[in-house]
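# Fold the stuff below for me.
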Amino acid sequence: MKLIILDRDGVINHDSDAFIKTADEWHALPGSLEAIARLCHAGWRVVIASNQSGIARGLISAHALCRIHERMQAALAGLGAHVDAIFVCPHGPDDGCTCRKPRPGLFHDIARRFDISLTGVPAVGDSLRDLLAGSEAGCTPWLVRTGNGERTLADAGALPPGTQLADDLADVVNRLLGNET
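Predicted coordinates for the structure are as follows:
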């Protein structure tokens with residue numbers, strides 16, 4: 001099975017310091033949905049691992065988060081694609097959970113759900129916490145320049161070993177699918 005793990009905000013859609021709280025605030029980054037569609041059409045399973053502390057902070061309800069994901073899935077369906085699963089940490093930064101990135105709990109949950117080793121699985125993110133969580137779970141971290149990517153790249157010395165750099169999700173997909181031919 002070919003599997004890829006994506007962060008959501010800053011990788012698939014525009015991010016906001018004020019949090020994405022409604023489906024109307026969710027806007028895909030240019031080319032991101034088409035990139036996911038290309039993965040789906042090539043037989044990849046696409047999974048999202050996302051910190052959503054807005055729930056713990058009382059800024060967004062679980063219901064509103066579901067509406068956001070429904071909007072994303074509907075947009076993907078229009079391209080003949082979908083996300084296979086969405087794993088979310090609803091906890092705040094001080095809750096001490098094991099699922100909040102940079103801890104690898106969400107990734108371990110994904111491995112169990114799909115009964116797969118994550119060794120070498122591409123994990124795409126725009127922040128150091130995304131890369132650290134994926135790397136600790138055995139994934140190959142990919143940093144995109146979208147979202148917080150440029151800020152993350154500014155501290156390149158903190159990146160996990162083997163981190164791959166890409167302009168955006170479409171660039172990641174071009175390189176991954178180019179390696180398959």
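# Look up phi and psi at the residue nearest to Trp26 when sequence neighbours are not counted.
Excluding its sequence neighbours, the residue lying closest to Trp26 (C-beta to C-beta, 6 or more residues apart in numbering) is Ile68, at 4.9 Å. Every residue, glycine included, has its C-beta placed from N, CA and C. Dihedral angles of Ile68 (phi, psi; degrees, to the nearest 10) stand at phi -60, psi -50.
# Kindly report the same for Ser16.
phi -150, psi 130.
# Next one: it from Gly134, what distance?
Computed with C-beta to C-beta, to the nearest Å, the distance linking Ser16 and Gly134 is 23 Å.
# for Asn148, same thing?
According to C-beta to C-beta, Asn148 and Gly134 sit 15 Å apart.
# circling back: neighbour-wise, which of Ser16 and Gly134 wins?
Neighbour comparison, Ser16 and Gly134: the larger count goes to Gly134, with 29 against 13 (by other C-beta atoms under 10 Å).
# Mind listing residues that contact the strand ranked longest in the chain?
Ranked by residue count, the top strand of the chain under DSSP state E comes out as strand 44-51. Where contact means C-beta atoms under 8 Å, 6 or more residues apart in numbering, the residues beyond strand 44-51 that reach it are 1-9, 12, 36, 39-40, 81-89, 100-101, 106-107, 110, 114, 123, 129-130, 133-134.
# Next up, the contacts around Val88.
Residues in contact with Val88, defined by C-beta under 8 Å, 6+ apart, are 50-52, 65, 106.
# Next: Thr98.
In this structure, Thr98 makes contact with 104-105, judged by C-beta under 8 Å, 6+ apart.
# Over to the one 3 residues further on?
For Lys101, the contact set (C-beta under 8 Å, 6+ apart) comprises 7, 49, 51, 89, 125, 129-130, 132-133.
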